[in-house]
Each structure stands twice: as structure tokens, then as C-alpha cells.
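**Student:** Pasting the sequence and the predicted coordinates here, then a few questions.
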Amino acid sequence: MRALLLALLLLGLTGAAALAVEPGERLADPALEARARALSSGFRCLVCQNQSIDDSNADLAHDLRVLIRQRIAAGDSDEQVRQFLVSRYGDFILLEPPVKPATYVLWAAPFAVLLLGAGAATIYFRRRRGALPEQAAPLSPDEQRRLKQLLAEGGEG
Amino acid sequence: MRRLLYLLPVLAFTGLIAYFLLALQRDPSVLPSAMIDKPAPEFSLAGLGGAPGLARADAAGQVVLVNFFASWCVPCRVEHPLLMRLSHDLKVPLYGIDYKDKPEDAKRFLDELGDPYKRIGADSDGRVGIDFGVYGVPETYVIDKAGQIRLRHVGPLTPEAIRDELIPLLRTLQTS
Amino acid sequence: MIAELGHFALALALMLALVQASVPLYGASRGNPVLMALGGSTAIAQFALVALAFAVLVHAYVTSDFSLATVAENSHSTKPLLYKITGVWGNHEGSMVLWVLILTLFGAAVAWFGGGLPADLRARVLAVQGMIGAGFLAFILFTSNPFIRLVPAPIEGQGMNPILQDPGLAIHPPFLYLGYVGFSVAFSFAVAALIEGRVDAAWARWVRPWTLAAWCALTVGIALGSWWAYYTLGWGGWWYWDPVENASFMPWLVGTALLHSAIVVEKRDALKSWTILLAILTFALSLIGTFLVRSGVLTSVHAFAVDPRRGAFILLLLAVAIGGPLALYATRAPNLAGGGLFAPISREGALVLNNLLLTTGCATVFIGTLYPLFLDAIGGDKLSVGFPFFNRTFVPLMVPLLLAIPIGPLLGWKRGDLRAALQRLMAAAGAALLIAIVVFAVVRPAEALASLGLGLAAWIGVGVLVEWSERMRLFRGSLAESWARARNLPRAAHGMTLAHLGVAVTVAGIAASAWAAERIEVMHPGDTLAIAGYDVRLDKVDPVVGPNYTADRATFTASRNGTAVATLQPERRFFTVQRMPTTFSSIHTNLLADLYVVLGDPDGKGGWTVRIYQKPLVPWIWLGCAVMALGGLTSLSDRRWRVGAAVRRSRAAAGAAVGD
């Protein structure tokens, strides 16, 4: 088991060992190659720690890069290539979690937290607004300007 | 009501601790197969240096074990004695797929450690591995009579895995 | 023999920590000055003992004492001296000792410099520090002991991962720990305040310097880690939203929020219970980060070797250290009376917005990092949450925050005039629009997001400078008058301006990363590649020998318009112990852009795969962080934070509080 861990670790750490996309892998057509690069950067390298197959030099990453290019050259759309890999490796190979029932909570969370926080802040302000005293007497525009300047200068970071 | 609000952090935190406790029991590096209960991929591979190869058709109608291995794979050496015993004891055929390897090296590996496989296919470019969803070696698959993948074991087989997962599953599949 | 001394020192330190955790606390509740003062002496003694243990460990590494198990596993006699020393914290056991060293350092600093604090507050703060110290010392002694001997001792060690033998990476952990362990002081102050049942302006002033110091260190630590990843990993990325990067980023986000909300507590006596909660959460996130990295729950390049016992122990520590204070919070916080009232549009309101966005950002990173684990634990799918998720959710959250930076300081306390503030920022808005348009149209067409990002950076930068110059009446009075005003402004004002400027610089650097140019080709000696106005020629590739490696070193000459501008020498090293090839890139920077060359595999026919990047403005990412930290340090040097001033003011505040 330790040996396997070590093997996996070595595979992962050789991320710094060489380069990722190699000149020999590239497609001749720049538009197709650009698609291949964009697609590859969306797939996780399964034997590395947190790299895309575009960035990794692991053997499996290389094999998958070549595979992707073959399928693009054969006319598959981006979605078809994605399906091809997901059906074999599961959603885990996608770096961006797909939006499906299992991930609704994930994708909704940032917005939900923001709403919650904004709501809490609003309640906080509302509860105290009643207590905020009215201005004693209206100030002339000159006095208002001076007051603002003084207030702004008086506070700092 | 306001007081209840102040309870939220400690309650949320307790939930977090419970979740971490659960998480400690899992192994994050093991990826469950996306191919479970799906048909095994079609493939047809040549054998090692002239020997008969391996194709999906060879597994038709019976329960089989497919083990991905390679001569350069250190954990494969660790699991090899278990495979030798397994091929001896089990009535289920054990097929091997030599993953991203040179046939001479694989031959040498098997000469040195013994050959537990009924048939071997040489997957030198790893394409069949990708079709199975292999991401490292060794990996062992159980394919049922209908040709569906029912189990994947990642990493070297252990006596516990054989006893607790493999054998019971094989028994169920054989009798169905 | 010496190692046993270190071991014994740690055990003694644990005893002292237990004393420190209990006696001063009891003394504070009884008002007993002698017992309270004990906190100070135990804190200093504890630091001395842990420092001794640390020194012993360093000594063991330097002398390559392989009878110690950790030294044998992580060191090698041929390692250069610098890396023998820094290797002390390149592994789990040693890094934990460093962690505790910094914890006790902060405790001793509070004891030493905290003379102006009321005796009971000081005693309680030190007691909480003692509790944390006791927990972690126990963790070290029972599960991660660096002084365990190997019998018989091996002749040679197993060496250290070559990637870790690098100056940038070597100092990244100490800064990181100064940061997140430093937040323990704010945490201890918060818990002490809860125990005491009182939070006031004086408390906020006492907490501030410690929080600032920790924040500066964490900013530098994260920046160093990012910069290291950039020049080491070979493809020019600098942030991966890796779980361990996130583990250090989350305390930074909440720590920044804490810095800002503490201002409101200090100036307006409001947001008290929220600030206390933030102080607890910041340290909680540090501890959660420690748990995530060392328990094996998440895999990452950083993850240390995994032992389930360690994970369980840290979880226990986490549960007690944070669960306790949060329970205390639930009971005591409602009694912390709120103070100053303010309208939503005001300086306080802007700071509330700051806190809202920063904590939401932190929650986003938290959920994204832990979601795969959560799903896996409840038996769902295995999926991965990578950088696309974070880029899509975190970045939009930060935009309103960045927009607000120049506006906030221009709003008055209690009730601010937004229109007036915006009018004063017209120049900044103009500059932002101008830059965005120019960049979009002229410099790099069709990179819409990048030009918006640069426009945003200009908005912040110019806006912050407008506010600063207004305060000094620059361009309005004489230069001498402005200079006098500048000198009389509290340092914290300058610190704020600098720190916010740093943010602008970093935002610019990040925005420009969309323009990186890349060439990947096979080159033979004599070949030239053109990239972004440079011509890069491969001159030769030589074999070289280093202290613990052999390498291929390529020499490149980069020219612009025919004149040679730089020589770059990337290497591909093969370390004798690890037997792994590792690339060392070569970077030429003029601080406005980087030219980045990496040497890859040979093709066996005299050619080499070469990857060349030109990355405009990328150094600004880390320069901006340095400016931010400088701003923090400037604020830290403000005379008002010196304890003497705090004492005088606390007496005045006490007098005022009585009079209210």
C-alpha cells in the first residue's frame, strides 16, 4: 500500500519534471488545436494533485491529450469528447463540477450565503434605524460641506 | 429569538466536526469506477510475443476477472503471489491485460514471478485501459456473464479485499 | 543525548502550558495579582523551552544525526546547509514544532509587550494561549514526536524531495505560520473578552497590532507560496485553488474582514459581537486548515504523510478549541451591548459591506473545497471542484468589494454622503474608463475581461491616491504644508493608503495574466523562437554537476530588436537520491513582464522541447502583496498602538464610559 502511495506520489510530483503539451502531440490545424487545449484544461489529471491534463506530464495525461486530439480530428464536438471521458471516468474528471441535482447546493451556495448575509445586515440596520436621532436643525449648504470635510478628515483607516 | 441566532455558529460547527469525523474514514484517493453495471468495452488485443491474445468475446457468457498489470509496476509485484493463489483456487478465469508495457519485459516479469493468467492481452498504448477507465496499475475488474462490469478494485489486491468483496461477489454472480 | 534534551524540553513546556492555562485564569476570576502575573512568566519560559527543543532539532539536521527518525526520513548528508536547516520544517513533525514555537513566541510577546494591558485581561489572554499550546504540545509528544530514535541508526538519510530544496519554498512556511498561528492572539483576546463579558474600544486597540502583524505575515506567506509555484512548477500558473492553498487563503480573507470590523469597534463601539465571532473564526480556519493538510482527508501536493491517529487528534483539538469558545459565544455574546448607531450609507456601512463580501468569499472557498468530501461522505458521487468553479464564483464576489475600496474612506462616520464621495472620485472614474478603453482598443484588442480588470485596478489606485492627497491638501496648499500634514497624519492612514494601493497593483497583475504569450517547440542549438517582440535563441545545452544532482543546463539569449537583453539558463536536474528529473525554469524579469523559459525532454536527436512564456505584469501580483504587507507594517508602526498610548487612552475611555 505504501508502495502504491509512493508510486502515485511520484507520478504526481513529476509534474515539475518535464513539460506538458508536447510539440509532437499538437494538431496541425490551429483552430482544432486551440479547441483541444481548451478542452484539456477542463479535465483533471487523475494521477496528479490538482492539475489539468493540459498542465501535467503524467503518462495518463499524455494519453488522454492524444485521445482528445484524435477525437476532435475525427469530428467530435466538445460535448461529445466530454461525454466520452465522463462515461469512462465519471464526473470526477471534470474540473468544473457539472450542474446537476447533486451539485445544486454547491452552485447555489455562494449566492445563498450572500443573500443570507445581506438579509442579516438589513435586519440589523432596520432594527436600529428607528433609534437614529434626527438632525437637530437643518444646516446651511456651506455648513454641511464643512461638516462633511471635518468628518472625513477625522476618521481614518 | 436573538439569542437563538447566537447559537447558530456552535451548531454549525458541531455539524462540521461530525462531517470531518465521517470524512476521516474515507480514502480520498480511490476513485469509484464510472463503469460499474455498464457493459465492458469492446476490445481485441494481441498476445505477448506470438501467444494467443485477449478479446472481449473470450469472456462471453461467463464470469471473469480481468487484471491490469505491468512489469514496471511495483505494487503489481506485491499483489502477484495473491494472483497466483487466486488463479489456482478459483474456478473463475483470470485474464491479464499488460498495460503500457513492452512484451519482452512482461514476459520476463511473468517468467520470474509466475503466470497466473489464463490469457493475456498486450495493451501497449493504454487505449483499452482508458476504455475501462483505468487510471493506474494494478486494477482488477469483475465482469459478469452478461458482460457487465460489476466491481473494480484499485491498487494491489489484499487478502481482506479478496475475502470480503471479491469472493462473495463471485459467488453471487456464479449462481445467478 | 542532546536529542533527549529537546524531548525533555517539550515535555516541560507541556507542563508549563497546563499551568499557564489554568492558574492565571483562576487568578483573574479571583483578582489575585500574583496568580495573574504567573501567566507572563510561564509564557516566556514556555517559549524558551520550545525554542530550545527547536534548536536541538535544527542541530540534529545540521549534523545529519540519522539516529533521529525524522532526520533519517527527510534529510541527507549531501544536502546543502541551507536546505538542511529549512528541511527541519519540510515535514510533518518538524513543522509542528515550528508551529508551536511561533505560538509560544506570540504568547511570550504578549507577556513581554503587554504591560499596559489590564492584569486580568492579560492573564486570561495568556491562559487561552496556554490552552492552545498545551493541546498542540500534547499532539506533538503523543503522535508526532520528532525526537524518536531509530535503533540502529541508518548510515544515510532518505533525502528530501528536490522540489522542496528551494529558497522561496524554504521561507514560505515560517511566514505562513507567523500568520495563521499569529491569529491565535486575536482569538485569545476574543475568548478573554467573552470570559470577561466586556468588549470596548480599548479592547479593539489592544487586539489590532497583533492582528495586523499576523495579517502581514500571512499575506507575505501566501504570496511567497504563489510565487514559488510560479517559478517552480514550470507552466507559469500561480494559483490553483488547491485545497491547501485554500486552507491558507480562508484565514486571510476572514482576517482581513476582522481588521476592518475591529475599526468599527474601536471608533464607534459597534459590531462587537460580530468582531468577536470573526476573531474566533479566523483562528478556527487556521486550525481547520491544519486539520485538512495533515489528516489525509484531502489529497494535495502539500499533504504530509498520513496517519489516521493524527487526524483524529487534530479533530479533537479542533472540536475543543473552537467548540468551547463558540459555546461561550452563544451564552455571552448577546450581553455585549451594541454601541454607536449608523446609517447603511456610511463609513461603518462600507465596512459592513467589506465584511459581508469577504466572509461570503470565504464561505464560497470553504464550500468549494469541502464539497467533494461532503458528497463522498454521504455516499453520493465522487466529483471534483476545480479552478473553474472558484473563478466563476469567487471573482464576481470580489468585484463589488474592489469597487468599494476608494469609496469607503471618503464616507463619513455615522451617516455618509455617497454622492459627494463619488463626485470626489470623478478623476479616478475617468482614469479607470480611459485605461480600460485604451487597453482594450490599442494594447491588446479583444481581451475584454482583462481590460475591465485593469480599469478596476486604475479605479482603486487613483481613487486611493485622491483620498490621500486630499487629506494632505496636496496641490491645494504649499508643498511644505502638505508635508507637515502628511507627517501629522497617523501612520495608520498612510498604512491604509499603501495597503489599498497594493490591492490595486495585485489586481492589475492578475488581470494582465490573460495576455500571456506561449510558445512550445522543439529547438536545436542555434534555433531562434520569436515571442511577443523577443527573439529567443538556444545557444547550447551543457551537462553540469551540482552538490546532490546532475543536470542539463541550456543557455538562451533573448534579444529585442537585435540587441541582446538577457541570458536565461533553465536546467533539468536529476537528483541522485530521488532519481526524479526536475525542471528549474529561468525567468528574466524587468518588473513589468516576465520572460520565462523551461527546458523539457530531449528528443534523442539533439533537439529539446522548450517552453517559452512572456507574461506581462505578472510580477505585480507579488509586488502588490509586498506593498499590502508594507502598508500593514506601516500601520503597525503607528505610535497609538504602542502600549503606553493604549493605557492612557484606556483610562480616558474608562472615564468617558463612566460619564455616559
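**Tutor:** Perfect, I can see it now. Residues are numbered from 1 along each chain as shown, chains lettered A, B, ... in the order given.
**Student:** okay, CA-based contacts and neighbour counts for the rest of this
**Tutor:** Fine.
**Student:** Check whether whichever helix in chain B runs longest comes near chain A.
**Tutor:** When secondary structure is assigned using DSSP state H, the longest helix within chain B turns out to be helix B:2-24. No: using Cα under 8 Å from any Cα of the partner chain, helix B:2-24 stays clear of chain A, with a minimum separation of 10.5 Å.
**Student:** try stretch C:262-270
**Tutor:** Yes: counting by Cα under 8 Å from any Cα, chain A has neighbours in stretch C:262-270: C:Ile263.
**Student:** Nearest the geometric middle of chain C, what residue?
**Tutor:** In chain C, the centroid-proximal residue (Cα atoms, centre = their mean) is C:Leu218; its distance is 2.2 Å.
**Student:** And the closest residue to that residue other than its chain neighbours, how close does it get to C:Met523?
**Tutor:** Nearest residue to C:Leu218 in three dimensions, chain neighbours excluded: C:Gly179, at 4.0 Å (Cα to Cα, 6 or more residues apart in numbering or on different chains). With distances taken as Cα to Cα, to the nearest Å, C:Gly179 is found 44 Å from C:Met523.
**Student:** Same drill for the two, tell me which one is more crowded.
**Tutor:** A direct count of neighbours by other Cα atoms under 10 Å in any protein chain shown for C:Gly179 and C:Met523 places C:Gly179 higher, at 29 against 20.
**Student:** For that one, which residues are in contact?
**Tutor:** With contact taken as Cα atoms under 8 Å, 6 or more residues apart in numbering or on different chains, C:Gly179 is in contact with C:Ala213, C:Ala214, C:Trp215, C:Cys216, C:Ala217, C:Leu218, C:Thr219, C:Gly221.
**Student:** So residue 150: helix, strand or coil?
**Tutor:** Using chain A here. For A:Leu150, the secondary-structure state derived from DSSP: H, G, I helix; E, B strand; the rest coil is helix.
**Student:** I was thinking of chain B, sorry if that wasn't clear
**Tutor:** Using three-state DSSP, the three-state assignment for B:Arg150 comes out as strand.
**Student:** got the contact list for it?
**Tutor:** Residues in contact with B:Arg150, defined by Cα under 8 Å, 6+ apart, are B:Ile36, B:Asp37, B:Lys38, B:Tyr141, B:Val142, B:Ile143, B:Asp144.
**Student:** The helix or strand encompassing the fifth one pairs with which strands, parallel or anti?
**Tutor:** It stands for B:Val142. Element membership for B:Val142, per DSSP states H and E: strand B:139-143. Sheet pairing for strand B:139-143, assigned by DSSP bridges, gives strand B:64-69 (antiparallel), strand B:149-154 (antiparallel).
**Student:** Format those as JSON lines; extra columns: mean pLDDT and distance to C:Val503.
**Tutor:** Formatted as JSON lines, the strands paired with strand B:139-143 follow (pLDDT from 0 to 100; distance: least, Cα to Cα, whole Å):
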{"stretch": "strand B:64-69", "mean pLDDT": "94", "distance to C:Val503": "52"}
{"stretch": "strand B:149-154", "mean pLDDT": "92", "distance to C:Val503": "46"}
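**Student:** looking at those strands, which is closest to B:Asp125?
**Tutor:** strand B:64-69 (13.2 Å; Cα to Cα).
**Student:** neighbouring contacts of that closest one?
**Tutor:** The list of residues contacting strand B:64-69 from outside it, by Cα under 8 Å, 6+ apart, reads B:76, B:92-99, B:129, B:137-145.
**Student:** quick one, what contacts the nearest residue to C:Lys615 once chain neighbours are set aside?
**Tutor:** Ranked by Cα to Cα, 6+ apart and with sequence neighbours excluded, the top spatial neighbour of C:Lys615 is C:Ala516, at 4.5 Å. With contacts defined as Cα under 8 Å, 6+ apart, the neighbours of C:Ala516 are C:Tyr613, C:Gln614, C:Lys615, C:Pro616.
**Student:** And C:Gly31, by the same measure?
**Tutor:** With contacts defined as Cα under 8 Å, 6+ apart, C:Gly31 is in contact with C:Asp120.
**Student:** and the gap between it and C:Ala127?
**Tutor:** Looking at C:Gly31 against C:Ala127, where the rule is Cα to Cα, the gap reads 15 Å.
**Student:** Quick check: buried residues in stretch C:31-46?
**Tutor:** In terms of neighbour count (16 or more other Cα atoms under 10 Å in any protein chain shown), stretch C:31-46 has its buried residues at C:Leu35, C:Met36, C:Ala37, C:Leu38, C:Gly39, C:Gly40, C:Ser41, C:Thr42, C:Ala43, C:Ile44, C:Ala45, C:Gln46.
**Student:** What about the residues you listed, which are in strands?
**Tutor:** Secondary structure defined by DSSP state E assigns none of these to strands.
**Student:** could these be laid out in JSON lines, adding distance to A:Leu67 and pLDDT?
**Tutor:** Formatted as JSON lines, the buried residues of stretch C:31-46 follow (distance: Cα to Cα, whole Å; pLDDT from 0 to 100):
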{"residue": "C:Leu35", "distance to A:Leu67": "72", "pLDDT": "91"}
{"residue": "C:Met36", "distance to A:Leu67": "70", "pLDDT": "90"}
{"residue": "C:Ala37", "distance to A:Leu67": "70", "pLDDT": "90"}
{"residue": "C:Leu38", "distance to A:Leu67": "69", "pLDDT": "92"}
{"residue": "C:Gly39", "distance to A:Leu67": "65", "pLDDT": "91"}
{"residue": "C:Gly40", "distance to A:Leu67": "65", "pLDDT": "92"}
{"residue": "C:Ser41", "distance to A:Leu67": "66", "pLDDT": "93"}
{"residue": "C:Thr42", "distance to A:Leu67": "64", "pLDDT": "94"}
{"residue": "C:Ala43", "distance to A:Leu67": "61", "pLDDT": "95"}
{"residue": "C:Ile44", "distance to A:Leu67": "62", "pLDDT": "95"}
{"residue": "C:Ala45", "distance to A:Leu67": "63", "pLDDT": "96"}
{"residue": "C:Gln46", "distance to A:Leu67": "59", "pLDDT": "96"}
